[in-house]
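In: Just to be clear, the model below is a prediction. Sequence and coordinates:
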There are 2 protein chains.
Amino acid sequence: MTVTSVHDPSHREALWELEDAFERGDLVSLFGRCTVSYEGRAASDLGAGDRLLVLKPDGAALVHTDEGRQPVNWQPPGSEHRAAVREGRLRVVSSRTNPDETLTVRFSAVEQLSAMRVTGGRDLELHGSEEDLRTRILERPDLVEPGFEPRETERPSGAGPMDVFGVDADGTPVVVELKRRRVGPDAVGQLARYVRALREELGVEGDGDLEGEGDRDGESAPEVRGVLVAPSVTDRAAERLADRGFAHVALEPAPDG
Amino acid sequence: MTVTSVHDPSHREALWELEDAFERGDLVSLFGRCTVSYEGRAASDLGAGDRLLVLKPDGAALVHTDEGRQPVNWQPPGSEHRAAVREGRLRVVSSRTNPDETLTVRFSAVEQLSAMRVTGGRDLELHGSEEDLRTRILERPDLVEPGFEPRETERPSGAGPMDVFGVDADGTPVVVELKRRRVGPDAVGQLARYVRALREELGVEGDGDLEGEGDRDGESAPEVRGVLVAPSVTDRAAERLADRGFAHVALEPAPDG
DNA sequence: CACTTCATATCGGCG
DNA sequence: CGCCGATGTGAAGTG
């Protein structure tokens, strides 16, 4: 039997089933009327109501209401689950250290408890990620611009690793920042940090990070260029790109949108 | 009866129960052997295995394995759930528009199905958020620095609303950026954007965003100051704060850690 | 709607 | 274990 299920169990029955399930390493689903409290990185309290509590053998705990993709309360993997009957209620506690945090669920009534043996694949094949975008660019560098030559991915810098480093048709160093979706100003800031770090590393004067310094329009170009590759950018991001003298290349992770 | 539960149902039985549950607006929990595919913002495939599928009346769908806080696949609230029996399997499809995306779960065998009527509170009382940190500072501005006077929260600027705007003991404008936990360089970039926008708005020359311009050490101070309030900062963030001439104030959302 | 920012973000990779 | 950045991030607030 891969699933054990009890309907409207007493707290004692529920406790036995829970402890057996923990022992077996089963995935547990508990539904009933409960209150929830959390203390750790923050603190929270949730009044009485019907919720679905999922306890995973890796230590994860999820409290779900009838709304939202996110659990209303949770505990990350690596926690330890314990159960007991106290003051006429079934108490389930999940806690961990580093950081210290504890989730406590107190059931006044359990309406359904299921313990399930889980087997089978967990490996998800995902397509359309930033890595796909990088692969696409390495295979067809001209999509960034004619004459672009990638030299290195994850190239280290004083500001962290840059997505793609290369040179343009003139041999000028180019820092490329990749985003799989439409981006805001933060991505431009990220690109700017890498460009700045590389300018310092190469001892390039550049024209700095400020707009309107006056020596960009015309002949003097920055000696390290920044290119943001993303499907699209917000207006604010576009302004900031212009300020910094960076380019935007509209490109999706996959050939079609 | 607030919970309907069936063990090892036939696909037909499961389908009836599912359709009834959708009709009633119940929360559904389905466990069994299945494959999962998604297509939308990205695309993914997941081979056969035992998983827990949760279907919420608000349109959210969650596929959970025995590991991780996050569902291995999901569909956001606002989606529409449909079920059918096709090719000897129970097929559950959840889809939405804007963006167009579809989650498909195909069960070769359903081992447990529960439909649960959910009532009761969803309102979580949370403490320790950034808003708590703001409240703390507004009540005790001296925690930022002696003589600090908050003037406005969420003050608009060309770079978006700043957390707290005020003046220091000398009457110099101060932009305060709040973070509830330890921060990296991105937070400094965010603060820098606000400071810069305010300098432009006030027509202040300032000393720019670049370090080493030479006119900071000594008499000439920036005419708009930036202060980052957070429990702690990373080394890289500290460097960047120093570059920009910004201050860090170590403070937690709540009086104790 | 789009844009921006917060989150008990979670998660993975690297040093 | 801390730092850093990606995520089909999600969710809230605002214009």
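Out: Structure received. Numbering: from 1, shown residues only, chains lettered A, B, ... in the order given.

In: residues of stretch A:93-112 that come out buried?
Out: A:93-96, A:101, A:103-107, A:109-112 (16 or more other C-beta atoms under 10 Å in any protein chain shown). Where you see a C-beta, it was placed from the backbone N, CA and C, and this is true even at glycine.

In: mind checking how far A:Pro57 is from B:Glu80?
Out: In this structure, A:Pro57 and B:Glu80 are 32 Å apart, going by C-beta to C-beta, to the nearest Å.

In: what subset of the buried residues of stretch A:93-112 is also close to chain B?
Out: Applying C-beta under 8 Å from any C-beta of the partner chain to the buried residues of stretch A:93-112, one finds that A:111-112 fall near chain B.

In: do the longest strand along chain A and DNA strand C meet?
Out: Ranked by residue count, the top strand of chain A under DSSP state E comes out as strand A:101-116. Yes - interface with DNA strand C: strand A:101-116 contributes A:101, A:103 (C-beta under 7 Å from any atom of the strand).

In: What's the mean pLDDT across that strand?
Out: Across strand A:101-116, the average pLDDT comes to 98.

In: what's the answer for stretch A:239-246, then?
Out: 95.

In: Could you do stretch A:162-176 as well?
Out: Averaged over stretch A:162-176, pLDDT sits at 97.

In: Kindly report the same for stretch A:119-130.
Out: 92.

In: list the buried ones in it?
Out: For stretch A:119-130, by 16+ other C-beta under 10 Å, it's A:Gly128.

In: my guess is A:Ala247 meets A:Val233, correct?
Out: No - between A:Ala247 and A:Val233 there is no contact under C-beta atoms under 8 Å: 10.8 Å.

In: Mind listing the shared neighbours of those two?
Out: Common contact partners of A:Ala247 and A:Val233 (C-beta atoms under 8 Å, 6 or more residues apart in numbering or on different chains): A:Leu241.

In: Compare these two (neighbour count), which wins?
Out: Set side by side, A:Ala247 and A:Val233 show more neighbours around A:Val233, with 21 against 16, by other C-beta atoms under 10 Å in any protein chain shown.

In: what about the more buried one, distance to B:Gly160?
Out: For A:Val233 relative to B:Gly160 (C-beta to C-beta), the value is 16 Å.

In: what separates stretch A:51-61 from the chain centre, distance-wise?
Out: 20 Å (C-alpha atoms, centre = their mean, to the nearest Å).

In: and if you look at stretch A:67-87?
Out: 21 Å.

In: do stretch A:95-108 as well
Out: Going by C-alpha atoms, centre = their mean, where stretch A:95-108 is centred and where its chain is centred differ by 23 Å.

In: Those residues of chain A touching DNA strand C, which are they?
Out: Counting by C-beta under 7 Å from any atom of the strand, chain A comes close to DNA strand C at A:38, A:40-42, A:44, A:60, A:73-77, A:101, A:103, A:182, A:184-186, A:234-237.

In: Could I have the ChimeraX command that selects the buried members from those residues?
Out: Selecting only the buried entries of the residues of chain A next to DNA strand C in ChimeraX, with 16+ other C-beta under 10 Å as the criterion:
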select /A:38,40,42,44,60,73,74,75,76,101,103,185,237
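
In: now the strands for the stretch 51-200 of chain A?
Out: For the stretch 51-200 of chain A, the strands defined by DSSP state E, counting those that start in this stretch cover A:61-64, A:73-75, A:80-86, A:89-96, A:101-116, A:124-127, A:149-155, A:162-167, A:173-178.

In: what's near enough to touch A:Val233?
Out: Contacts of A:Val233 (C-beta under 8 Å, 6+ apart): A:182-184, A:187, A:241, A:248.

In: Show me where chain A has its helices.
Out: Secondary structure of chain A (DSSP state H): helices at A:11-24, A:130-139, A:185-202, A:235-244.

In: Out of those, flag the one nearest DNA strand D.
Out: helix A:130-139 (3.5 Å; C-beta to the nearest atom of the strand).

In: tilt between that closest one and strand A:162-167?
Out: Going by axes from the mean of the first three to the mean of the last three C-alpha atoms, to 10 degrees, helix A:130-139 is angled at 10 degrees with respect to strand A:162-167.

In: So what touches helix A:130-139?
Out: Outside helix A:130-139, the residues within contact range by C-beta under 8 Å, 6+ apart are A:143-144, A:150, A:153, A:163-164, A:176, A:178-180, A:229, A:251-255.
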